[in-house]
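Participant: Need the 3D shape of this:
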Amino acid sequence: MTVYAYWNNKGGTGKTSLAFQSLTFYAEQHPGERILAVDVCPQANLSELLLGGLTNDGSFKLLAQQGEIPRRTLGGYFERRLPSPFTMPTVSATDFICTPHEANPLIPKNVDLIAGDPLLELQSNAISTLASTQLPGTNAWLAVIDWLRDLIDPLKDHYDVIFIDSNPSFSIYTQIALSCADRLVLPVMADDSSRRAIQNAFSLVYGLKLPSEIYSTYAFATRLQDGGRELPKVHVIAKNRLTQYMGPASAYSAVLRSIDSDVDRLLEANPEMFTFENVDQGVVHIRDFQTAGVVAFARGCPLYAQRPGKLDVMGKRVRVDREYLDNCINAVQELVDRL
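Facilitator: Numbering: from 1, shown residues only. Below you'll find the model as predicted:
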């Protein structure tokens with residue numbers, strides 16, 4: 001079982017849209033495999049997309065998941081862990097898993113979902129407090145960080161690939177998500193804040209270039225490795241939302257080249273943090289989905305299932321261009337081919 005996490009500590013880089021498209025593409029092309037999507041974000045946008053999107057009542061269907069007893073969401077599982085933070089309670093993972101195809105026929109049948117939940121934000125302070133508990137003979141932080149691992153490890157014989165959509169913040173629930181990932185998909189955009197976000201990501205996850213040795217003891221990487229856990233390896237850097245204006249002489253291109261240079265230096269200094277050996281092997285280019293993406297996401301529809309032409313979306317007539325749709329499909333396929 002391989003676990004991919006989509007994360008960048010900068011918001012708006014397209015983590016959720018890339019996670020949705022790549023996991024549905026992968027599932028469609030590997031019908032003999034079982035796929036689990038885990039939405040570790042209080043906004044739960046990935047869950048809404050999988051359950052139907054805006055026009056097919058994805059939000060309403062997600063609310064129904066949250067209204068079950070127990071809540072059929074990640075927040076529902078964490079709710080069960082709060083009274084038993086350091087030992088796994090007697091729970092069944094199936095209590096928190098749904099099959100999106102039953103709510104949204106556009107999603108492949110071999111995809112299951114642990115839905116996101118706004119409760120995660122409310123639970124965050126309590127979880128952080130529990131992780132700071134001082135107990136003789138117990139590594140409280142590691143026990144809490146293992147919550148998601150405790151749930152999915154018994155599923156290794158049932159699922160082939162797990163896709164995790166993570167929140168941009170490096171909060172405790174994000175750390176719980178990243179700690180059980182094998183591979184990291186890091187989306188970036190053609191702006192200097194994305195370049196800084198890559199540097200921040202390596203500082204937060206791998207403890208690189210911390211401002212002082214004081215922080216090293218408390219760093220995520222230090223605590224995880226001291227607990228005998230491996231850090232996820234960077235598997236793909238997705239240059240996302242590229243446009244037709246990003247030619248070789250553009251300002252966009254200059255920023256993207258600087259990102260390549262930064263990654264190249266990181267590869268040379270810390271090759272163990274990557275699954276690839278050079279920038280070309282690890283970087284994919286994703287063009288802006290524009291209208292094709294807006295329509296597909298409104299419908300909770302993978303791009304490969306989106307039809308071109310004039311369509312009605314929430315009472316508005318829009319046109320999806322065939323050539324542009326094909327370009328978007330090809331871009332996502334480039335990412336899926338790396339998985």
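Participant: Show the subsequent helix or strand relative to the longest helix along the chain.
Facilitator: Among the segments of the chain that qualify as a helix by DSSP state H, the longest is helix 251-269. Per DSSP states H and E, helix 251-269 leads on to helix 279-282 as the next helix or strand towards the C-terminus.
Participant: what pairs with the next helix-or-strand element following that following helix, and is each one parallel or antiparallel?
Facilitator: Per DSSP H and E, the first helix or strand lying C-terminal to helix 279-282 is strand 283-287. For strand 283-287, the paired strands and their directions (DSSP bridges) are strand 233-242 (parallel).
Participant: Let me know the angle separating the partner strand from helix 251-269.
Facilitator: Between strand 233-242 and helix 251-269, the angle formed by their directions is 180 degrees, by axes from the mean of the first three to the mean of the last three Cα atoms, to 10 degrees.
Participant: Now do strand 233-242, average pLDDT.
Facilitator: For strand 233-242, the mean per-residue pLDDT is 84.
Participant: now it: how far from the chain's centre is it?
Facilitator: Distance of strand 233-242 from the chain centroid (Cα atoms, centre = their mean, to the nearest Å) equals 12 Å.
Participant: neighbouring contacts of that strand?
Facilitator: The contact list for strand 233-242 (Cβ atoms under 8 Å, 6 or more residues apart in numbering) reads 4, 13-14, 18, 182-190, 198, 252, 256, 259, 263, 272-276, 282-289, 335, 338-339. Placement of C-beta: from N, CA and C, glycine included.
Participant: and with 7 Å instead?
Facilitator: Applying Cβ atoms under 7 Å, 6 or more residues apart in numbering, the contact partners of strand 233-242 are 13-14, 18, 183-190, 256, 263, 273-275, 282-288, 335, 338.
Participant: just checking, what packs against the helix or strand of the chain with the lowest mean pLDDT?
Facilitator: Least confident helix or strand of the chain, by mean pLDDT, DSSP states H and E, is strand 309-313 with a mean of 73. Contact partners of strand 309-313 among helices and strands, from 3 or more Cβ pairs under 7 Å, 6 or more residues apart in numbering; DSSP states H and E: helix 290-299, strand 316-320.
Participant: Next, find the distance separating the most far-flung residue of the chain relative to its centre from residue 227.
Facilitator: Note on the chain: the largest separation between a C-alpha and the mean C-alpha position, by Cα atoms, centre = their mean, falls on residue 136 (34.8 Å). Here the distance between residue 136 and residue 227 works out to 17 Å (Cβ to Cβ, to the nearest Å).
Participant: Also residue 95?
Facilitator: Counting by Cβ to Cβ, the gap between residue 95 and residue 227 amounts to 27 Å.
Participant: Would you map the strands across the stretch 1-150 of the chain?
Facilitator: Along the stretch 1-150 of the chain, counting by DSSP state E, counting those that start in this stretch, strands occupy 2-6, 35-40, 111-114.
Participant: now the ones you listed as CSV including mean neighbour count, mean pLDDT and distance to residue 168?
Facilitator: As requested, the strands of the stretch 1-150 of the chain are arranged in CSV below (neighbours: other Cβ atoms under 10 Å; pLDDT from 0 to 100; distance: least, Cβ to Cβ, whole Å):
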stretch, mean neighbour count, mean pLDDT, distance to residue 168
strand 2-6, 23, 96, 11
strand 35-40, 26, 98, 11
strand 111-114, 25, 98, 19
